[in-house]
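Visitor: Sequence and predicted structure are below.
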Amino acid sequence: MRVLIQMKPERDVVEAVANPQLTATTQDVAGSMPGVEMDQSFTPVALPRPLPSTGGGDPLSLTQSLRFSMRPEDATVMVRGEIHDYDAASRLSMLALSRPEIVGISADPVIQTSPTCPGDGPVGTSQDVKNFFAELGADDLDGNGVAVAITDTGINTQHLINELGHPVTVDAARSWNPPGVPGRPGQFPVDHGTMCAFDALLAAPKATLIDVPVLLSQAQGPTVMSGLLSDAVAAYAHLWSVLETMPDDKRALVVSNSWGSFSPRWDFAPSHPGNYSDNPGHPFNLMVTALESAGADVLFAAGNCGLDCPDNRCEFPDRPIVGANSHPRALSIGGVDTRGHRVGYSSQGPGRLDANKPDICAYTHFEGSHAFGADAPDSGTSAACPVAAGVVAAIRTQWSTNVLKPAELRTLLQRTADDRGAAGFDFDYGFGIINVPSIMDALRRRSKNGHGTRR
């Protein structure tokens, strides 16, 4: 079983890990540990400490206001390794006792993309999706100056240009590869990540893409589109540093995540403090909180484990929207076709970290990027998530996070959604389908009433 080991080493070691100009290895941080095969290829990651904004708060609560400290006396460092599956509980207990600087041991589950289950051909086209969002472009909300991070299998820029018919910008300097993953930003083979980038650009054609091929980890799971959550933690630490360099009045980073965990077999039991699926204190769930607190808009696909047509990898017996896909500070995106009907594979709530999931639905299963062939639709909640991320990026063109905070934007999208299913929130559609005309009306009223000004 692969594990994340969170440590509190000496101050100078923490400083070396946190400083991108310095180099610290797993050997420097952890040395050797009894019963653990340390992954020396993994670059240690500094994790900020969550601190309640008010006295007496719970630093592991995902619903209260938090600030995050990367000061050496507060931050911790994460490394990864593997323990034998036999008698894992005893081995974990002994490991925790063997090194006093260990502050936590967490699951490092395999994460995978969310392709659709086999089924129907495309319903509508990408032009239909663009038409739903036409009002954005008419008001010059096109994503110009907004960074959209695609955390997936990498982007192929030339394919995007060929399919979209307009220039595409990939910011190589702010992109990031997991350790050991070869390839240059924007030059990866056409695959799931290219589909996600295409779908994000439907609503925000001038957004700047940040390529984060986190699912190409060399420490993969059962498919070539699998990675480990530890690489996602490292990716989010990188994105946090990207966000910190942006001026407050220009801060705009949208993070699209079309992946998730499908099986409890890769996780610790829910009662274990290192569990991921149900535990807000897991390092990755805390990093989602840290990134959102710094001003990022974070979106996750709800997943393809809907009751009508579940992906054959779905192994959670119930409540399949798990971990960060159900994070209260992220938007969980379900899928509908261009006729407004929920697709059968779109996962239903309640979620595990926050019961009220999915938040909203966006369009999927349309003819679009042709990333998987001429006849294959852009499908799954994997497509719905970046479609919604594109709408968020378009809004950020003129509404930075210092005038419209991520939580306010999430509420805006929920309240303006086109209600479907049962009246009000329900576990099939969430608050409903993303509704650009209603969003625009709400933003205009907000501006007219003086609740924030455009950047």
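Guide: Okay, I see it. Numbers count the residues shown, from 1 in each chain.
Visitor: Against residue 302, how distant is the spatially most central residue of the chain?
Guide: Central residue of the chain (CA atoms, centre = their mean): residue 257, 3.5 Å from the mean position. For residue 257, the distance to residue 302 (CB to CB, to the nearest Å) stands at 11 Å. All C-beta spots, glycine's among them, are computed from the backbone N, C-alpha and C.
Visitor: and for the two, which residues touch both?
Guide: residue 325 (CB atoms under 8 Å, 6 or more residues apart in numbering).
Visitor: surely residue 17 meets residue 48?
Guide: No. At 12.0 Å, residue 17 and residue 48 do not qualify as touching, with contact defined as CB atoms under 8 Å.
Visitor: Neighbour count: the two, which is higher?
Guide: residue 17 (28 against 23; other CB atoms under 10 Å).
Visitor: now that we're looking at that one, which residues does it contact?
Guide: Here residue 17 is in contact with 24, 29, 44-46, 77 (CB under 8 Å, 6+ apart).
Visitor: Then residue 9?
Guide: 29-30, 77, 101.
Visitor: mind putting those in TSV, distance to residue 267 included?
Guide: Below are the contacts of residue 9 laid out as TSV (distance: CB to CB, whole Å):
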residue	distance to residue 267
29	24
30	22
77	22
101	25
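Visitor: Just the ones of those in strands?
Guide: residue 77 (DSSP state E).
Visitor: Between the contacts of residue 9, which sits nearest residue 154?
Guide: Residue 154 has its nearest neighbour among the contacts of residue 9 in residue 77, at 27.3 Å by CB to CB.
Visitor: Give me the distance between the two termini of stretch 362-376.
Guide: 19 Å (CA to CA, to the nearest Å).
Visitor: Can you go through the contacts of residue 9 and name the buried ones?
Guide: 29-30, 77 (16 or more other CB atoms under 10 Å).
Visitor: So what's the residue count around the residue nearest to residue 367 when sequence neighbours are not counted?
Guide: Using CB to CB, 6 or more residues apart in numbering and skipping the chain neighbours, the partner closest in space to residue 367 is residue 122 (4.0 Å). Per other CB under 10 Å, the neighbour tally for residue 122 reads 18.
Visitor: Which one of the contacts of residue 9 is nearest to residue 196?
Guide: Using CB to CB, these come closest to residue 196 at residue 77, 30.6 Å.
Visitor: measure that closest one to residue 203 for me?
Guide: Taken as CB to CB, the span from residue 77 to residue 203 is 38 Å.
Visitor: Ok, residue 17 next?
Guide: 38 Å.
Visitor: Could you list the low-pLDDT ranges of the stretch 101-250 of the chain?
Guide: Residue ranges of the stretch 101-250 of the chain with pLDDT under 70: 113-118, 218-227.
Visitor: If we use 50, what do you get?
Guide: Filtered on pLDDT under 50, the stretch 101-250 of the chain yields the residue ranges 223-225.
Visitor: Show me the strands in it, by range?
Guide: Taking DSSP state E, counting those that start in this stretch, the strands of the stretch 101-250 of the chain run over residues 102-107, 110-113, 147-151, 169-170, 208-212, 226-228.
Visitor: Mind checking those strands for the one nearest to residue 91?
Guide: Using CB to CB, the nearest of the strands of the stretch 101-250 of the chain to residue 91 is strand 102-107, at 10.0 Å.
Visitor: Just the buried residues of that closest one, please?
Guide: Buried, per 16+ other CB under 10 Å, within strand 102-107: 102, 104-107.
Visitor: ok, it: who's next to it in the sheet?
Guide: strand 2-7 (antiparallel) (DSSP bridges).
Visitor: after the partner strand, next one along is what?
Guide: helix 11-18 (DSSP states H and E).
Visitor: could you give the angle of that following helix to strand 2-7?
Guide: Helix 11-18 and strand 2-7 are oriented at 130 degrees to each other (axes from the mean of the first three to the mean of the last three CA atoms, to 10 degrees).
Visitor: average pLDDT across helix 11-18?
Guide: Predicted confidence along helix 11-18 averages 91 (mean pLDDT).
Visitor: How far off centre is it?
Guide: Chain-centre distance of helix 11-18: 27 Å, with CA atoms, centre = their mean, to the nearest Å.
Visitor: Any buried residues in it, and which?
Guide: 13-14, 16-18.
Visitor: Would you mind giving those as a markdown table with distance to residue 326 added?
Guide: As requested, the buried residues of helix 11-18 are arranged in a markdown table below (distance: CB to CB, whole Å):
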| residue | distance to residue 326 |
| --- | --- |
| 13 | 34 |
| 14 | 31 |
| 16 | 35 |
| 17 | 30 |
| 18 | 29 |
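Visitor: Now the two most distant members of those residues.
Guide: Farthest pair in the buried residues of helix 11-18, by CB to CB: 13 and 18, 9.7 Å.
Visitor: so which of the buried residues of strand 102-107 comes closest to residue 429?
Guide: For the buried residues of strand 102-107, the nearest to residue 429 is residue 107 (30.7 Å; CB to CB).
Visitor: I figured the closest one was touching residue 270, is that so?
Guide: No. Applying CB under 8 Å, one finds residue 107 not in contact with residue 270, separated by 10.6 Å.
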